[in-house]
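Student: this is the structure alone, sequence omitted:
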């Protein structure tokens, strides 16, 4: 499975970076959001900000958001 090829940075935030990317499987231009993981997080697993964002995205129903 090929990963999308990053073309350019669209935006950067405290917890993630957003890229314009090319999906080789579908030949589409897509948006790729990459969450940052900080080493100083506690060892309990997934950071709370990541869980919060995933739970919000799961509630959305839109054709441009991957289920």
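Tutor: That came through, no problem. For clarity, every value in this text was computed on a predicted model and none was experimentally measured.
Student: in the helix or strand bottoming out on mean pLDDT in the chain, what's buried?
Tutor: Sorting the helices and strands of the chain by mean pLDDT, DSSP states H and E puts helix 48-59 at the bottom, at a mean of 85. Within helix 48-59, the residues scored as buried using 16 or more other CB atoms under 10 Å are residue 50. (Each C-beta comes from the backbone N, C-alpha and C, glycine too.)
Student: got a list of contacts for it?
Tutor: 15-16, 35, 37, 65 (CB atoms under 8 Å, 6 or more residues apart in numbering).
Student: got it, and stretch 14-31?
Tutor: Here stretch 14-31 has contacts from 1-2, 4-12, 32-36, 49-50, 53, using CB under 8 Å, 6+ apart.
Student: for the contacts of helix 48-59, give me TSV that also has distance to residue 28.
Tutor: Below are the contacts of helix 48-59 laid out as TSV (distance: CB to CB, whole Å):
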residue	distance to residue 28
15	26
16	21
35	22
37	27
65	14
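Student: relative to residue 48, how far out is residue 31?
Tutor: 24 Å (CB to CB, to the nearest Å).
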